[in-house]
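Peer 1: would you be able to build a 3D model of this:
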Amino acid sequence: MAEKKKRLERQDWINAGFRALTVKGPEGLRVEPIARELRSTKGSFYWHFNDLNDLHYSMLEYWQSAATEQIIARLQALPRGLPRLLALVQAVNMPHEAQGGAGAEAAVRAWGQSYVPARDAMRAVDQRRLAFLSECFADMGLTDPELPRLLYAAHLGLEQLSMHADVDPARTLAHLVSLLAEESSA
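Peer 2: Model (predicted):
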């Protein structure tokens, strides 16, 4: 008996959209190529989305939630200060292969250069992440407003480097956080 084909869910299309964006850039965000990758039909796409813009907005909403809000929510249960900041460094550097892996964040950021909704989502994510980093640093007694920006910029840069070089962003960022913690206790 032939194996029954799994019915695609909305999230399957969103994940495939991220993979297409990561591999092909914004030009890859088209219904037919994504449907081919999923071995599905355009009809299945339109069952889940009104149009391509609906997919785009759904991707951006998912990115904001999964790559920021869900991580912050999980970290709230941890002790404040250094433990939370170190856990954050580990959490944000775990690639999610279903959504394109380590290159997905960079792909969304590149998309934001030409697509206003992606740019707006990126700004909202950056503000939220920086606010959370500021809280973490304040919990450690570090109130210099440049420290969260410095760590965030290091994260974004290391993420870019890790796609083309043998770089472990989590290890490097954890080292940076440890140095900052030592500085704060000195």
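Peer 1: residues in contact with the residue positioned nearest the centre of the chain?
Peer 2: The C-alpha lying nearest the average C-alpha coordinate of the chain belongs to residue 67 (CA atoms, centre = their mean; 4.0 Å). For residue 67, the contact set (CB atoms under 8 Å, 6 or more residues apart in numbering) comprises 92, 105, 125. Backbone N, C-alpha and C define where each C-beta goes, glycine included.
Peer 1: highest neighbour count among those?
Peer 2: Neighbour counts for the contacts of residue 67, by other CB atoms under 10 Å, peak at residue 105, which reaches 24 neighbours.
Peer 1: now that one: which helix or strand?
Peer 2: Secondary structure here is read from DSSP states H and E; on that basis residue 105 sits in helix 104-111.
Peer 1: what sits up against that helix?
Peer 2: With CB under 8 Å, 6+ apart as the test, helix 104-111 has contacts from 18, 21-22, 25-26, 60, 63, 67, 95-96, 100, 118, 121-122, 156, 159-160, 163.
Peer 1: try it again with 6 Å
Peer 2: 18, 21, 22, 26, 63, 118, 122, 159, 160 (CB atoms under 6 Å, 6 or more residues apart in numbering).
Peer 1: from the chain's centroid, how far away is that helix?
Peer 2: For helix 104-111, the distance between its averaged C-alpha position and the chain's averaged C-alpha position is 9 Å (CA atoms, centre = their mean, to the nearest Å).
Peer 1: quick one, helices of this protein?
Peer 2: In the chain, the helices defined using DSSP state H lie at 10-24, 31-37, 42-48, 52-64, 70-75, 82-92, 104-111, 116-139, 146-162, 169-185.
Peer 1: mean pLDDT added to these, as TSV?
Peer 2: Formatted as TSV, the entries for the helices of the chain read as follows, by pLDDT from 0 to 100:
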stretch	mean pLDDT
helix 10-24	96
helix 31-37	96
helix 42-48	95
helix 52-64	97
helix 70-75	94
helix 82-92	87
helix 104-111	92
helix 116-139	96
helix 146-162	87
helix 169-185	76
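Peer 1: coming back round to it: out of the contacts of residue 67, which is nearest to residue 172?
Peer 2: residue 92 (12.6 Å; CB to CB).
Peer 1: for residue 57, which non-adjacent residue is closest in space?
Peer 2: Sequence neighbours aside, residue 117 is the residue nearest to residue 57 in space, at 6.5 Å (criterion: CB to CB, 6 or more residues apart in numbering).
Peer 1: quick check: the one you found vs residue 56, distance?
Peer 2: Between residue 117 and residue 56 the distance is 7 Å, computed by CB to CB, to the nearest Å.
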